[in-house]
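Peer 1: Dropping the sequence and predicted coords here.
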Amino acid sequence: MNIYVGNLSLDVTEEEIRQAFMPFGAVLSVKMMDDKYIGSGQLKGYGFVEMSSIPEGQAAVAGLNGTKIYNREIKVVEALPLNRIQNLPVKKRINKTRERFQ
């Protein structure tokens, strides 16, 4: 299961995110998004965690959404599959993404 993690501090590391998710199950990967387009490497404040199973991922979402890391309340939700978003017109993509955070 792929999980979106948002509102992250720019100081948090992939290993710290991995450690937060490990009590809920096996973490397959952690990817922190950065600003590679302008070459700064500055973190964007969000990332993705891949868990080995859906029940483990759902437990992590329920257990970690709204918790604090580095004094920032993180947002943890199931990530939308790319094929569901890529096939939508741009305006619907933006609205669909906003719906997930309300």
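Peer 2: The structure has been received and is ready for your questions.
Peer 1: How far away from the center of its chain is the strand or helix carrying Val76?
Peer 2: Under the criterion of DSSP states H and E, Val76 resides in strand 75-78. Relative to the centre of its chain, strand 75-78 is centred 6 Å away, using Cα atoms, centre = their mean, to the nearest Å.
Peer 1: what's it packed up against?
Peer 2: strand 2-6, helix 54-64 (3 or more Cβ pairs under 8 Å, 6 or more residues apart in numbering; DSSP states H and E). The way it works is simple: take the backbone N, C-alpha and C, and place the C-beta from them, glycine included.
Peer 1: if you set the cut-off to 6 Å instead, what comes out?
Peer 2: If you count contacts as 3 or more Cβ pairs under 6 Å, 6 or more residues apart in numbering; DSSP states H and E, strand 75-78 packs onto strand 2-6.
Peer 1: Go ahead and name everything in contact with the strand it packs on.
Peer 2: Tyr46, Gly47, Phe48, Val49, Glu50, Gly57, Ile74, Lys75, Val76, Val77, Ala79 (Cβ atoms under 6 Å, 6 or more residues apart in numbering).
Peer 1: Top of those by number of neighbours, please.
Peer 2: When the contacts of strand 2-6 are compared by neighbour count (other Cβ atoms under 10 Å), Val49 ends up highest, at 27 neighbours.
Peer 1: List the beta-bridge partners for that one.
Peer 2: As for beta bridges, Val49 partners with Ile3, Val30 under DSSP bridges.
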